[in-house]
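Participant: test case, fold it:
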Amino acid sequence: MKVKNLLKKVRESRLMSKAELARASGISVLTIDRIERGACSHPKTKRLLLEALGIDLEDRENIFPLPPEQPDPKQDRTLLLAELPSVVRGSVQAGFDLVTIIALLRRDFSALTEEDIKAAYEQVIESNRVR
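Facilitator: Numbering: from 1, shown residues only. Next comes the predicted model:
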């Protein structure tokens, strides 16, 4: 997973080579190169780099920003499942068969499984029989 950071920009603004930063921090040039290209790094490694660059730990987010908060996939899935019967009902009323409904919903709602869609389809078909 790539992690955006400003290590290279800060290092170059201080006119430091990777080798100089490696000597000052005790971290290998290869590791510095990987971090600058977005590889994940251990908090201790980040601390050593910040100290070698003379940056306060309180300012670490200026160099190593926190990743944006990711939505909870379980919550998204729950919302999708709640909406599913009405979406399937509309598709059944439009005359689509189960295979077509699965294909359409998997394209638009990738978090849904085929089993979720089949269950909703059966629920709609069953509710239509009851009427």
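Participant: next secondary structure element downstream of the lowest-mean-pLDDT helix or strand in the chain?
Facilitator: Every helix and strand in the chain was compared by mean pLDDT, DSSP states H and E; the lowest is helix 73-93, with a mean of 66. Note on helix 73-93: by DSSP states H and E, the next helix or strand toward the C-terminus is helix 98-108.
Participant: next SSE after that following helix?
Facilitator: Criterion used, DSSP H and E; the element after helix 98-108 is helix 114-130.
Participant: let me see the domain layout of this structure.
Facilitator: 7-63, 73-130 (automatic domain parsing).
Participant: mind putting the ones you listed into TSV with mean neighbour count?
Facilitator: No exception for glycine: its C-beta is placed from N, CA and C like everyone else's. Putting the domains of the chain into TSV (neighbours: other Cβ atoms under 10 Å) gives the following:
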stretch	mean neighbour count
domain 7-63	14
domain 73-130	14
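Participant: looking at those, which one has the lowest mean pLDDT?
Facilitator: Lowest mean pLDDT of the domains of the chain: domain 73-130, a mean of 71.
Participant: secondary structure element for residue 16?
Facilitator: Going by DSSP H and E, residue 16 is not in any helix or strand.
Participant: show me the contacts for it.
Facilitator: 24, 53 (Cβ atoms under 8 Å, 6 or more residues apart in numbering).
Participant: now residue 38
Facilitator: So residue 38 contacts 2, 3, 4, 5 (Cβ under 8 Å, 6+ apart).
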